[in-house]
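# would you be able to build a 3D model of this:
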Amino acid sequence: MRHLKLSVLTLVAASLAAPVFADGHAAALEAATKARKANMSTIGYHTGILGAMAKGDTPYDAAVATAAAENLSAAASMNRIVLWIEGSEQGAVPGSRAKTEIWSDAAGFEEDAVALETAAAAMVAAAGTDLDSLRAAMGAVGAACGDCHKAYRGPSN
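Numbering: from 1, shown residues only. The predicted structure is shown next:
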């Protein structure tokens, strides 16, 4: 009888803990989604500064270009394991635009992410040199962003 009571108590405790774990996991997925969206906003912001200079919309400023390139590179180099958590795809987490291909084609996603890291690092070297160097480096940054978004970002919600 004592063994049965213990089993029933264990079952009750487990059934009560399951929603708490699920809620905690859902919260972790939402937090990761918010963090990666913030990271993408940071990348977009700094790319926008560099792009405006490259297009001639704002005057070229070597110091500002260098700072934007350094920040772009830092954001592009963040460790993806804490930002791209499986289960945080579009439709599963509010606001997520991540396609399931991020996880089903993890090697391709990583390749695209490394391409952005590489392009951003090259931008650091080019941005403060002169406007022509910045413009030349923008092509690789734009291509890396576009390739990844085409393959791994879903439509706007």
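
# the residue nearest the centre of the chain: which element?
Centroid check for the chain by CA atoms, centre = their mean gives residue 36 as the closest residue, at 4.1 Å. Remark: residue 36 resides in helix 2-55, with elements defined by DSSP states H and E.

# and after that helix, which helix or strand comes next?
Following helix 2-55 in sequence, per DSSP H and E, is helix 62-76.

# pLDDT averaged over the helix or strand hosting residue 111 - what is it?
Under the criterion DSSP H and E, the helix or strand holding residue 111 is helix 106-127. The average pLDDT for helix 106-127 rounds to 97.

# just want the angle from the helix or strand just after it to helix 106-127.
Per DSSP H and E, helix 106-127 leads on to helix 131-152 as the next helix or strand towards the C-terminus. In terms of direction (axes from the mean of the first three to the mean of the last three CA atoms, to 10 degrees), helix 131-152 departs from helix 106-127 by 170 degrees.

# neighbours around the residue nearest to residue 49 when sequence neighbours are not counted, how many?
The spatial neighbour of residue 49 that comes closest, neighbours along the chain excluded (CB to CB, 6 or more residues apart in numbering), is residue 68 at 4.1 Å. In this view, the C-beta of every residue, glycine as well, is placed from N, C-alpha and C. Taking other CB atoms under 10 Å as the criterion, the count of residues near residue 68 is 25.
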